[in-house]
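Chemist: One predicted model, sequence on top.
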Amino acid sequence: MMAGIILACSIVLLLQFFVSYCRSLIAVSSKQVLSPEVKDVTGIQRTASGDDFKRVMQLLQLCPERPEDKNGVQAIGAYFNLLSFLRSTLARIVPSMRAWAESERGHCAYFAAVALERRISFSRDMLAQQMDS
Amino acid sequence: MPGLVINILDLLTALLQASIVVVSIAKGYSRRYLTINLYLAASTIVLFSRYYILSQHGLLSAEYIYFYYYSDALLTIGLYFTLMGLYATVFEEMKAAQYLRVFTILLLIGTAAFTCAVVQQSGPRMITRYVVEMSQNLYFVGVVLTYVLWGAILKLRETRTRVIQLVLSLGVYFSAFAGNYALRNLYPQMHVVWEFVPPVLGCLLPLSWARAFWSVSEEARLAPSRLMAVPR
């Protein structure tokens, strides 16, 4: 009985903490403006849509990983999957949730684009260091 | 094979934790986040000790099982002190840290006494059952305390991004472990699965803390109301 209650409460609070944590990662990256070349590559001009996410993630995987952002990218990937699941289940019944999930998915795509930007500049720095040495 | 996977995960976690402590000392913010650094240092020592005992006695030995559960309970208590440190950081302007410390210690004693009473009521059992029950309750109290702190962050409009991320990742960690221990109590026959979950979950906290320390500057700010799923 006690373990059942703890399990139920833990799942609810885990989801709440996880969503807030992912939104904090997104909030930090949303302040960054994308460079024109990343905008061109990703096709994101002003606001990103959820459909951009997979494409940007594919581009992200082509770049060498930065140890600092690996964890964040994985967390946002899991958050995006959770949102996609919500969109295809609960959001069909509650229309306002559909709009919210879609906007969140767009934010996830923007986060991935910012991570791509950082990885590109990281690769450039590495290349420059190799050239110097 | 299971012992090898757990060994590798524990070693990677220990190395990551040690590097967070070293970088904190090098960058000079080890005093500001003292409780976090002390916890990470203690956890690193425990993980290396677990590795030693596992390699000497094996995964299913009584030595490893007893050491595992007792060190886990002690580390959870260490996390309480870390949480207290975060409470002190959030409430530093209100000078309420002393009252919070007394409250948390009383809560800790209360949790241990409650667990003892529950186990004694259910008849003569092995001492390891007490430890599993105690860990489940300790983690759950940790979840509740972190949730209260999160509520305080929203109410007080705490804007330090690093503090917010440290608290949220602690919340994810506590709730994942509380859920895991609750599942372990509900389905003890699936012990093979439950042995693998803690080392995997154990990586998450140092990973997210490393990100908070290494990628987020002390000066970074964000509005906590933006983090709620339902806008306030």
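Modeler: Good, I have the coordinates. Numbering: from 1, shown residues only, chains lettered A, B, ... in the order given.
Chemist: Output the below-cut-off pLDDT ranges for chain B.
Modeler: Judged by pLDDT under 70, chain B has its weakly predicted residues at B:1-3, B:97, B:115, B:118-129, B:229-232.
Chemist: element containing the closest residue to residue B:176 other than its chain neighbours, please.
Modeler: Excluding its sequence neighbours, the residue lying closest to residue B:176 (Cβ to Cβ, 6 or more residues apart in numbering or on different chains) is residue B:201, at 5.0 Å. To be clear about C-beta, it is placed using only N, CA and C from the backbone, and glycine gets the same treatment. Using DSSP states H and E, residue B:201 falls within helix B:191-214.
Chemist: Return the set of buried residues in that helix.
Modeler: Applying a neighbour-count criterion of 16 or more other Cβ atoms under 10 Å in any protein chain shown, one finds B:194-195, B:197-199, B:201-213 buried in helix B:191-214.
Chemist: Show me what that helix packs onto, helices and strands only.
Modeler: helix A:70-88, helix B:2-27, helix B:34-57, helix B:161-186 (3 or more Cβ pairs under 8 Å, 6 or more residues apart in numbering or on different chains; DSSP states H and E).
Chemist: what sits against the most centrally placed residue in chain B?
Modeler: With distances taken as Cα atoms, centre = their mean, residue B:79 lies nearest the centre of chain B, 4.7 Å away. The contact partners of residue B:79, by Cβ atoms under 8 Å, 6 or more residues apart in numbering or on different chains, come to B:39, B:142, B:170, B:174.
Chemist: redo that, cut-off 10 Å
Modeler: B:35-36, B:39, B:42-43, B:138-139, B:142, B:145-146, B:170, B:173-174, B:177, B:205 (Cβ atoms under 10 Å, 6 or more residues apart in numbering or on different chains).
Chemist: try residue A:11
Modeler: B:175, B:176, B:178, B:179, B:182.
Chemist: Measure how buried the spatially closest residue to residue A:47 that is not a sequence neighbour is and give me the count.
Modeler: Using Cβ to Cβ, 6+ apart and skipping residues adjacent in sequence, the residue nearest residue A:47 is residue A:106, 6.1 Å away. Residue A:106 has 18 neighbouring residues, counting by other Cβ atoms under 10 Å in any protein chain shown.
Chemist: Kindly report the same for residue A:129.
Modeler: Counted with other Cβ under 10 Å, residue A:129 comes out at 9.
Chemist: Show me what counts as buried in the helix or strand containing it.
Modeler: Element membership of residue A:129, judged by DSSP H and E, is helix A:95-132. For helix A:95-132, a neighbour-count test (16+ other Cβ under 10 Å) marks A:98, A:100-101, A:104-120, A:122 as buried.
Chemist: Report the inter-axis angle for that helix versus helix A:70-88.
Modeler: 160 degrees (axes from the mean of the first three to the mean of the last three Cα atoms, to 10 degrees).
Chemist: chain center to helix A:95-132, what's the gap?
Modeler: The chain centre lies 7 Å from the centre of helix A:95-132; the measure is Cα atoms, centre = their mean, to the nearest Å.
Chemist: by contact count, what packs against that helix?
Modeler: Judged by 3 or more Cβ pairs under 10 Å, 6 or more residues apart in numbering or on different chains; DSSP states H and E, the packing partners of helix A:95-132 are helix A:2-30, helix A:36-42, helix A:52-62, helix A:70-88.
Chemist: hmm, the last one in reach of chain B?
Modeler: This points to helix A:70-88. Yes: against chain B, helix A:70-88 shows contacts by Cβ under 10 Å from any Cβ of the partner chain at A:70, A:71, A:72, A:74, A:75.
Chemist: For PyMOL, write the select line for the buried members of the residues you listed.
Modeler: Buried residues among the residues of helix A:70-88 next to chain B (16+ other Cβ under 10 Å), as a PyMOL selection:
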select buried, chain A and resi 71+72+75
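Chemist: which pair in the residues of helix A:70-88 next to chain B spans the largest distance?
Modeler: A:70 and A:75 (9.8 Å; Cβ to Cβ).
Chemist: which residues are common contacts for the two?
Modeler: With Cβ under 10 Å, 6+ apart as the test, residue A:70 and residue A:75 both reach B:207, B:211.
Chemist: and of the helices and strands packed on helix B:191-214, who's closest to residue B:107?
Modeler: Here helix B:161-186 is closest among the helices and strands packed on helix B:191-214 (Cβ to Cβ), at 13.7 Å.
Chemist: angle of the closest one against helix A:70-88?
Modeler: 70 degrees.
Chemist: Nice, that's everything, thank you.
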